[in-house]
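Q: Dropping a prediction and its sequence here:
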Amino acid sequence: MSQLIVSPGQKPLEDGMLMSITPESAGWTYVGFEVYRLEAGQTLSRETGDKEVCLVLLSGKANVKTADQEWRN
């Protein structure tokens with residue numbers, strides 16, 4: 001179990017990324033995740049292709065737009 005404990009880097013990358021866990025790096029079959037810390041007004045855009053995506057906001061507000069829908073605040 002200890003190999004599942006991952007600490008984020010001290011400083012986010014330019015796009016706000018703190019960590020990226022892939023199924024391969026975690027030894028999982030399907031699920032991966034990325035953690036971002038965004039500043040007010042900062043944007044993040046990702047191509048998801050045929051992947052199912054879940055967005056979890058831990059604080060703040062966000063505008064989210066897909067090819068089919070848009071959610072504000």
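A: Sure, I can see it. Numbering: from 1, shown residues only.
Q: Outside of the worst-scoring helix or strand of the chain on mean pLDDT itself, list whatever touches it.
A: Sorting the helices and strands of the chain by mean pLDDT, DSSP states H and E puts helix 23-26 at the bottom, at a mean of 88. Outside of helix 23-26, the residues within contact range by CB atoms under 8 Å, 6 or more residues apart in numbering are 4, 29, 30, 31, 32. (Each C-beta comes from the backbone N, C-alpha and C, glycine too.)
Q: Could you pull out the strands in the chain for me?
A: Taking DSSP state E as the criterion, the chain carries its strands at 17-21, 33-36, 64-65, 70-71.
Q: can you list the weak-confidence ranges in this structure?
A: In the predicted model, the chain carries pLDDT under 70 at residues 1-4, 9.
Q: quick one, what contacts the residue nearest the centre of the chain?
A: Nearest to the geometric centre of the chain sits residue 34, at 3.5 Å (CA atoms, centre = their mean). Contact analysis of residue 34 by CB under 8 Å, 6+ apart lists 17, 19, 20, 21.
Q: Just the buried ones from these?
A: Burial by neighbour count, judged by 16 or more other CB atoms under 10 Å, picks out residue 17 from those.
Q: Make a markdown table out of the contacts of residue 34 and add distance to residue 70.
A: Shown next, in a markdown table, are the contacts of residue 34 (distance: CB to CB, whole Å):
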| residue | distance to residue 70 |
| --- | --- |
| 17 | 24 |
| 19 | 28 |
| 20 | 26 |
| 21 | 28 |
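Q: From the contacts of residue 34, pick the one nearest residue 45.
A: Minimum distance to residue 45 across those is 12.8 Å, recorded for residue 17 (CB to CB).
Q: No further questions, thank you.
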